[in-house]
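Asker: quick one: sequence and predicted model below, then my questions.
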Amino acid sequence: MMMMKRVLHKLQNKARRWRKREEGATAVEFALIAMVFFWVFMGIVELGMMMIFNNGLEDGVDRAARLVRTGQADKKNMTAKLLKQAICERVMLKTSCMSDLILDVRSFKDFASIKVPALKTGPTGSLTMSTSYQLGGPKKVVVVRAFYPWKFFTPLIGSLMHAIDGKVFILNAAMAFRNEPYGS
């Protein structure tokens, strides 16, 4: 019996000493919060990249619209592919701009008659839309629209942004203007 008390006493002493040790506490605490920290950090980086891309998309549409508005696109016989290339030159960070960008250019007689089709999205984030490429002519009203599906690589960020299927967010830029009287 006495022997048993000694063994229990020694075990209690060791347990007490072990509970008081704090050498690994920092490592354990870091392990508990590291995943959340890196997830938030990656989300912030990706949202920054998305904003930079969207800024480039808006700048590209602005420059492409200027080519149309001043008649340069019409005089140079620019195809939709060349106008899309002019937009993608202003965009940073994505190599798939030419293949994923949807460009829609429509001409109208005046601002009151503007009617553009809606963009439709599939369940996997695929974009479908009846696109057009009408540069109009001098003094015509033109609407230039560009859409790009941003695919999130950081888990759950897309869901927080209400992205399609939690993975794809549609970036877009548009301009409506009246062409200059460049033919006269």
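Answerer: Structure's in. What do you need?

Asker: after the lowest-mean-pLDDT helix or strand in the chain, which helix or strand is next?
Answerer: Counting by mean pLDDT, DSSP states H and E, the chain has its least confident helix or strand at helix 2-20, which shows a mean of 73. Using DSSP states H and E, the helix or strand that follows helix 2-20 in sequence is helix 25-69.

Asker: measure residue 82 to residue 111 for me?
Answerer: To residue 111, residue 82 is 27 Å away according to Cβ to Cβ, to the nearest Å. (Glycine included, C-beta is placed from N, CA and C.)

Asker: same check on residue 120?
Answerer: Taken as Cβ to Cβ, the span from residue 120 to residue 111 is 25 Å.

Asker: try residue 45
Answerer: Residue 45 is 41 Å from residue 111, by Cβ to Cβ.

Asker: same deal with residue 151?
Answerer: Applying Cβ to Cβ, the value for residue 151 to residue 111 is 35 Å.

Asker: between those two, which one's more packed in?
Answerer: residue 151 (15 against 11; other Cβ atoms under 10 Å).
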